[in-house]
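> I would like to see how this sequence folds:
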Amino acid sequence: MKLKTKTIKPICFSFFCFLLSVLSWYLLKRLFLWQEGRVIHNLLYAFISFVIFFIFLMVCLLLVENRKAVLVFSFFTTFSILIFFLRKQGLWVSVPAIISYVVVCLMLFGGINLTNKNLIYERKNSIVFHPVKAILKAGNTILIIFAILFSVLFYFNSPLLDSYGNIQIKEEYIKKSGNTFGKAAI
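Predicted structure coming up:
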């Protein structure tokens, strides 16, 4: 029975973290679409879902000692972003965008696994394990990689870019950004 709970717990944590990542990527994709002028709402939803995902990711890395489970979950979590951002309006994105997405996903995959390896090593070799200090050490690297990921995503998915990669500001974008809260009464 002990063995089953040792394998079920990491699988459940990993699966829940994967679902949170998919929700976070979906809401981030919606933010780049600028639908109905609801920029502030979409930004708020994307931010809240990412914060919840990041907190749960750190807790999951802290609690899960099974390296194989972390390897599988980090692979699916990091590369699930490609499902949402490799196609734009039914067409494949450009080759530099694909290469950039894959490189950043590989960096994130490596960062998550290295963080988990360091947390396991610190847990086994320290006399007194301080989870808060361990998360503060590990979280900075992953946050930097997420910042790089978001900047690459914004660069290739900016709503102001036309199909040739030139910045084109249309009147409808100005109206949408001016109407940030949608059709709320003023």
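> show me where pLDDT drops low in the chain?
Along the chain, segments meeting pLDDT under 70 span 1-3, 32-39, 89-90, 158-186.
> Strands along that one, start to end?
Shown for the chain, the strands assigned by DSSP state E span residues 87-88, 91-92.
> wait, which of those strands is closest to Leu62?
Closest to Leu62 of those is strand 87-88 (Cβ to Cβ; 34.9 Å). (Glycine included, C-beta is placed from N, CA and C.)
> what separates the closest one from the chain centre, distance-wise?
The chain centroid and the centroid of strand 87-88 are separated by 18 Å, computed with Cα atoms, centre = their mean, to the nearest Å.
> repeat for stretch 96-115
Computed by Cα atoms, centre = their mean, the chain-centroid distance of stretch 96-115 equals 11 Å.
> And for it, what's in contact with it?
When contacts are defined by Cβ atoms under 8 Å, 6 or more residues apart in numbering, stretch 96-115 is touched by residues 57, 61, 70-71, 74-75, 77-79, 81-82, 85-86, 92, 138, 141-142, 145-146, 148-149, 152-153, 155-156.
> before we move on, what about stretch 4-15?
By Cβ under 8 Å, 6+ apart, the residues outside stretch 4-15 that reach it are 59-60, 63-66, 69-70, 72-73.
> Most widely separated two among those residues?
Of all pairs drawn from the contacts of stretch 4-15, the one with the largest separation by Cβ to Cβ is Val59 and Val72; the distance is 17.8 Å.
> Cool, thanks, talk later.
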